[in-house]
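Undergrad: Sequence and predicted structure are below.
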Amino acid sequence: MTVRSRSAATALAGLAATAIALTACGTGGQAADGGKIKVVASTSAWASVVQAIGGDHIEVEAIINDPNADPHSYESTPQDAAKVTDADLVVFNGGGYDGFMEKILGSSGQGKPTIEAVKDEHEGEPAGGHEEHGGHEGHDHSANEHVWYDLHVVQQVAAQVNAELSRLQPANAGQFGQAAGHFAEDIGKLQGRVGELGDQNRGKQVIVTEPVAHYLVEAANLQDITPPEFVNAIEAETDPSAAAVAAIQNAVNSKQAAAIIYNPQTESPVTRNVRSAAEQNQIPVVEMTETLPQGKTYVQWMDAQITALQAALTQNR
């Protein structure tokens, strides 16, 4: 399985990110009211969010569908650039996660209507509007980039998608708005479940092999006791120090953690050892991934992962 690498600075700074910025760029849009709006998303997770709003009125394609592909190191192709150029709307993660999209937009996507989901510690509310895509120097690329685990961010992205699709195809704005309303209800239910989970398990300690689900852990009022040095090394695809490994093994062996949140897409011999130790100590292991499973919508995927986390925490009461 492909190992995903990230900078150590990203992992540390990501834990401190506190607010949301959504950037909508570009003014163009060539979709005719009678045709389908062409949307390109960087990953399948964001494509699923767009599909939930656009329904049959859009054609959405994710550049990265392969669960083993690494958006960090993905090298775009001329075909990818052509898809972006031909798209009426582009949706991507930002925050350094899918930098290949920023490169494409910077070279061939000038003026393209674009939605980027990022965390920006300097902004408290989503930022909208249309402006030419000339780079993202103003964005905070140090924030934790796994923002699709932040249900509030996903809600805001969906609202921005609704606004953009309605602008591109006003005749179907009512249907887009209705779909966005249903999606918001689904996300609200997920948020309610996370809130209940947090009320029932407030302060419980967890260990993460990589902070993919940081925002979900935070929203559930759980305490991440993973040594930062361990997380940073795993993200940087290097071996953690002996001290960091010893610290996490001690936490597992002493059963300090109620659950281990395990990202199989950043698996290494070290993380496999952590998982084995957890299983030997009867600590539940919950897999949380970076990409959408085949055949699942975003809501179904998140619902399943919240259910798994809830079961694990209940098991260790």
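TA: Here it is on my side, so go on. The model shown is predicted, which means the values in this text are computed figures rather than measured ones.
Undergrad: Would you map the helices across the stretch 51-200 of the chain?
TA: 78-86, 99-108, 151-168, 173-201 (DSSP state H, counting those that start in this stretch).
Undergrad: So which bits of the last one are buried?
TA: When burial is assessed from 16 or more other C-beta atoms under 10 Å, helix 173-201 yields the following buried residues: 175-176, 179-180, 183-184, 186-187, 190-191, 193-194, 197-198, 201. Any C-beta I mention is one placed from the backbone N, CA and C, and that applies to glycine too.
Undergrad: now do the second one
TA: Neighbour counts over helix 99-108 (16+ other C-beta under 10 Å) mark G99, F100, M101, E102, I104, L105 as buried.
Undergrad: That one: how far from the chain's middle?
TA: 19 Å (C-alpha atoms, centre = their mean, to the nearest Å).
Undergrad: Check the shortest one too.
TA: Helix 78-86 sits 23 Å away from the centroid of its parent chain (C-alpha atoms, centre = their mean).
Undergrad: Which strands or helices does that helix pack on?
TA: strand 37-43, strand 58-64, helix 99-108 (3 or more C-beta pairs under 8 Å, 6 or more residues apart in numbering; DSSP states H and E).
Undergrad: what residue is smack in the middle of the chain?
TA: W148 (2.8 Å; C-alpha atoms, centre = their mean).
Undergrad: quick one: pLDDT of that one?
TA: If you check W148, the pLDDT there is 96.
Undergrad: Next one: it from V91, what distance?
TA: Per C-beta to C-beta, to the nearest Å, W148 is found 11 Å from V91.
Undergrad: what helix or strand is V270 on?
TA: Per DSSP states H and E, V270 falls inside helix 269-280.
Undergrad: For that helix, C-alpha coordinates in PDB please.
TA: C-alpha atoms of helix 269-280 as PDB (Å, rounded to 0.1, in the frame of the first residue of the first chain):
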ATOM      1  CA  PRO A 269       6.500  -1.400  10.100                       C
ATOM      2  CA  VAL A 270       6.300   1.000  13.100                       C
ATOM      3  CA  THR A 271       2.600   1.600  12.800                       C
ATOM      4  CA  ARG A 272       1.900  -2.100  12.300                       C
ATOM      5  CA  ASN A 273       3.800  -2.800  15.600                       C
ATOM      6  CA  VAL A 274       1.500  -0.200  17.300                       C
ATOM      7  CA  ARG A 275      -1.500  -1.900  15.900                       C
ATOM      8  CA  SER A 276      -0.300  -5.400  17.000                       C
ATOM      9  CA  ALA A 277       0.400  -4.100  20.500                       C
ATOM     10  CA  ALA A 278      -3.100  -2.500  20.700                       C
ATOM     11  CA  GLU A 279      -4.700  -5.800  19.600                       C
ATOM     12  CA  GLN A 280      -2.700  -7.800  22.200                       C
END
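Undergrad: what does it contact?
TA: Around helix 269-280, the neighbours that count as contacts under C-beta atoms under 8 Å, 6 or more residues apart in numbering are 207, 209-210, 234, 239-240, 245, 248-249, 252-253, 257, 260, 262-263, 284-285.
Undergrad: what residues are up against the closest residue to A62 other than its chain neighbours?
TA: Nearest in space to A62, with sequence neighbours left out and distances taken as C-beta to C-beta, 6 or more residues apart in numbering, is A47 at 3.9 Å. In this structure, A47 makes contact with V39, A41, V60, E61, A62, V91, judged by C-beta under 8 Å, 6+ apart.
Undergrad: what are the ranges of the strands in the stretch 1-150 of the chain?
TA: 20-25, 37-43, 58-64, 89-92, 114-119 (DSSP state E, counting those that start in this stretch).
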